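Trainee: Next come a sequence and a model predicted from it.
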Amino acid sequence: MRETGNSGRARAKARQESDLPGVWVAYGTLLGHLRKRAELNQQALGQAIGYSLEQVASVEQGRRPAKEEFTEAAERVLDAGGVLKVLQPEVDRAKLPRFFRNFAAVEAEVLSRFSYDPLLVPGLLQTEAYARAVFAGHCPPFGEEIVDQHTEARIGRQRLLTRDPMAELSFIIGEEALRDPVGGAVVMRGQWERLLEVGRLRNVEVQVMPAGRGFHPGKNGPFVTVQTKEHQHLGYFESQGVGCTVSDPAEVSTFGLRYGKLRSQALNVEESARLIERLVGET
């Protein structure tokens, strides 16, 4: 039997709603409750916080995540007492690709994080323009709204760089990643300048693995090692949209051994900064 147009659309809508992150739905339900308690309709709330009726309705229905500015305004107008604000980190995290969300929750609270990235500037150091270029090049293509959401979430993760208490952060980046013109010359110049800026933070070290080193432990691909707030050591790697968290102590120990080797083979912090400065000067 052929499915009618109405029933087909209903099924499609049901599938779409079932894919909505639970925290967006929970946030929207809470927002609706607070709005009704304040005896406001959606249009009145939108006018009070500077958003349209459609935007407020989308957030309440869990179809669109609230941005931090939306939450701050809603907290003030609805006298929410922080109940919306406490959900904001989870709302932001749900903008990330599904495979990365669990590790992102761990990453946000680590004591230390060391990473090797041979082909792209690591997400925690990307400018907004560079991140947007990466997501815009996804295959199959993302819609503009998804590109926006993933970019916002990636930039939001960068709170880790200046979080209090500080996390110890180390990044080794392949020279190929620095010379590959992702987004074009203007985007790359901004990205190099960002690397120099972040490298001046006292809890951050940025090193470059120069091209032409021959075989080294990083040839097997990018990876991350972290120490959690419970002092547990974990590894993480991803490829082709699939992420894997490693918890077996022997395997994590191997990650740490490889990272130590890479750190010794890469340019030191000062040499790396000079290389990046030369790239800036060449543009």
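Mentor: Nice, I can see it.
Trainee: now the end-to-end length of stretch 78-92.
Mentor: 21 Å (Cα to Cα, to the nearest Å).
Trainee: quick one: buried residues of that stretch?
Mentor: Using 16 or more other Cβ atoms under 10 Å as the test for burial, stretch 78-92 gives 78, 80, 84, 87-92. To be clear about C-beta, it is placed using only N, CA and C from the backbone, and glycine gets the same treatment.
Trainee: Repeat that for stretch 151-168.
Mentor: 151-158, 160, 167.
Trainee: next one: stretch 113-123
Mentor: Judged by neighbour count (16+ other Cβ under 10 Å), stretch 113-123 contains these buried residues: 113-118, 120-123.
Trainee: Stretch 50-60 now?
Mentor: Neighbour count says stretch 50-60 has 51, 55-60 buried, by 16+ other Cβ under 10 Å.
Trainee: Quick one: the strands in the stretch 1-150 of the chain, in order.
Mentor: With strands called from DSSP state E, counting those that start in this stretch, the stretch 1-150 of the chain shows them at 112-117.
Trainee: quick one: low-confidence parts of it?
Mentor: Counting by pLDDT under 70, the stretch 1-150 of the chain has low-confidence residues at 1-18.
Trainee: change it to 90
Mentor: For the stretch 1-150 of the chain, applying pLDDT under 90 flags the ranges 1-20.
Trainee: pLDDT at the most centrally placed residue in the chain, what is it?
Mentor: In the chain, the centroid-proximal residue (Cα atoms, centre = their mean) is residue 154; its distance is 2.5 Å. For residue 154, the model assigns a pLDDT of 95.
Trainee: Phi, psi for it please.
Mentor: Per-residue torsions, residue 154: phi -60, psi -40 (degrees, to the nearest 10).
Trainee: Before I go, just wanted to say thanks for your time.
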